[in-house]
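1. Give me coordinates for this.
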Amino acid sequence: MPIIAFDLQIARELKKRVSKLTPLIDFRLFGSRARGDADDYSDMDIFMEFETVDRELKSSVKNAAWEMTLESGIVVTTLLFSRHEIEDTPLRASPIIRVIMEEGIPV
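-> Here you go, the predicted model:
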């Protein structure tokens, strides 16, 4: 199976699990796996935007990502942001957010 297809399968499963916790605004695969230049040791970077983010949600998403890591053998790392952080703070002009929006693959 080509790397990107396998990566999208993992990302879709994580999105499904996270969507059961709370509604998602945005969910994107980004980084080397989205660009197609990942190697065997590359992690999977996932961006998630929610209406609100609290400690409980962060913990639940971290646990879901860890489960996907164990199931897939690929380390899944997540970036979680609230709508407010993306739209109303200096984060909206952050280089990482710009790259995620430009290069990230919506899942």
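2. Who's the closest spatial neighbour of the most centrally placed residue in the chain, skipping the chain neighbours?
-> In the chain, the centroid-proximal residue (C-alpha atoms, centre = their mean) is I46; its distance is 1.7 Å. Nearest residue to I46 in three dimensions, chain neighbours excluded: T78, at 4.9 Å (C-beta to C-beta, 6 or more residues apart in numbering). (Glycine included, C-beta is placed from N, CA and C.)
3. Tell me who's in contact with the one you found.
-> D45, I46, F47, M48, V61, K62, A65 (C-beta atoms under 8 Å, 6 or more residues apart in numbering).
4. Surely the third one forms part of a strand?
-> Yes: under DSSP: H, G, I helix; E, B strand; the rest coil, F47 sits within a strand.
5. Tell me how far it lies from D7.
-> 14 Å (C-beta to C-beta, to the nearest Å).
6. And the first one, by the same measure?
-> When C-beta to C-beta is applied, the distance between D45 and D7 equals 10 Å.
7. same deal with the last one?
-> In this structure, A65 and D7 are 14 Å apart, going by C-beta to C-beta.
8. Those two: which is more packed in?
-> Between A65 and D7, counted using other C-beta atoms under 10 Å, D7 has the larger neighbour count: 24 against 20.
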